[in-house]
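K.L.:
What follows is a predicted structure for the sequence shown.
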Amino acid sequence: MTNTMQATQATYIKRFRDSFALGIEHIVKAAQVYVEAIDENPKFADVFAAEFQDSIPASAWSSFEAVGRKWMHPKLLLGGGGKYANKIKRLPYSLQERIFSGEKFELLTADGDILKVDIREATQSQVEQLIDFSHTRTKSEQKAYIEAHKQTCETKPEILPYVITDGKVSFRRGTILTRNEVKRLLQEM
């Protein structure tokens, strides 16, 4: 890419970033106005929904109220948080703010090490371990979670690639057996 193209690209990106930030700021202000109105008279919620039915879906008004009351971070309006958005929405606003500012949280591993992870980039199992319904788990809560999860994994019965009934063997699709497994199978019959 030439220097001129890079400069043009950087200019467009800066203009977009500035405009987008301003747009978010105005959405927050609009949400605060909506909250002021419904605090004054709860029936205004229906008035707003009717007035803006062509541009704002009815399902969005509860999110506007949540943003206006600082129950929900404005980035969650546009799908911020990705696949974990629903879990992040249940957290207190101060914690949502920390997540969207890129803070890394301490994750306890099964062998006792501590990892620093961004919740938005963590795996599903890491998020399950880190986030309880309304808070992030402490190290001791994570330890308890790991132990409980370990016990449930250990108690699951072994799934065999075959089933023996009435002296007959039914194999699951795609089953491959080693010589020792065939011997064990014959002994079971």
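P.N.:
Received it, and whenever you're ready, just let me know what you need. Numbers count the residues shown, from 1 in each chain.

K.L.:
per-domain residue ranges of this structure.
P.N.:
1-71, 158-189 (automatic domain parsing).

K.L.:
most neighbours per residue, which of the ones you listed?
P.N.:
For the domains of the chain, the largest average neighbour count (mean count of other C-beta atoms under 10 Å) is found in domain 1-71, namely a mean of 13. All C-beta spots, glycine's among them, are computed from the backbone N, C-alpha and C.

K.L.:
for the record, mean pLDDT for the helix or strand encompassing Glu36?
P.N.:
Glu36 is part of helix 3-40, with elements assigned from DSSP states H and E. For helix 3-40, mean pLDDT is 93.

K.L.:
Can you tell me which helices and strands the helix or strand where Ser125 lies packs against?
P.N.:
Per DSSP H and E: Ser125 is located in helix 124-130. For helix 124-130, the packing partners by 3 or more C-beta pairs under 8 Å, 6 or more residues apart in numbering; DSSP states H and E come out as strand 105-108, helix 139-154.

K.L.:
one step back: who wins for proximity to Ser140 among the domains of the chain?
P.N.:
domain 1-71 (28.1 Å; C-beta to C-beta).

K.L.:
coming back round to it: quick check: which of the domains of the chain is nearest to Phe133?
P.N.:
Here domain 1-71 is closest among the domains of the chain (C-beta to C-beta), at 14.8 Å.

K.L.:
Which residues are in contact with the residue lying closest to Val67 once chain neighbours are set aside?
P.N.:
Residue nearest to Val67 in three dimensions, not counting chain neighbours: Ala31, with 4.1 Å by C-beta to C-beta, 6 or more residues apart in numbering. For Ala31, the contact set (C-beta atoms under 8 Å, 6 or more residues apart in numbering) comprises 64-65, 67-68, 74.

K.L.:
now with 10 Å?
P.N.:
Counting by C-beta atoms under 10 Å, 6 or more residues apart in numbering, Ala31 touches 61, 63-70, 72, 74, 77.

K.L.:
Okay, and which of the residues you listed map to strands?
P.N.:
Using DSSP state E to define strands, no part of those is located there.

K.L.:
of those residues, closest to Leu91?
P.N.:
Among the contacts of Ala31, and counting by C-beta to C-beta, the member closest to Leu91 is Met72, at 9.6 Å.

K.L.:
tally of neighbours for that closest one?
P.N.:
23 (other C-beta atoms under 10 Å).

K.L.:
cool, the one 10 residues further on as well?
P.N.:
The criterion is other C-beta under 10 Å. On that basis, Gly82 has 10 neighbouring residues.

K.L.:
so what's it up against?
P.N.:
For Gly82, the contact set (C-beta under 10 Å, 6+ apart) comprises 88, 119-121.

K.L.:
Now, of those residues, which are buried?
P.N.:
88, 119-120 (16 or more other C-beta atoms under 10 Å).

K.L.:
Can you pull up the most central residue in this structure?
P.N.:
Tyr84 (0.7 Å; C-alpha atoms, centre = their mean).
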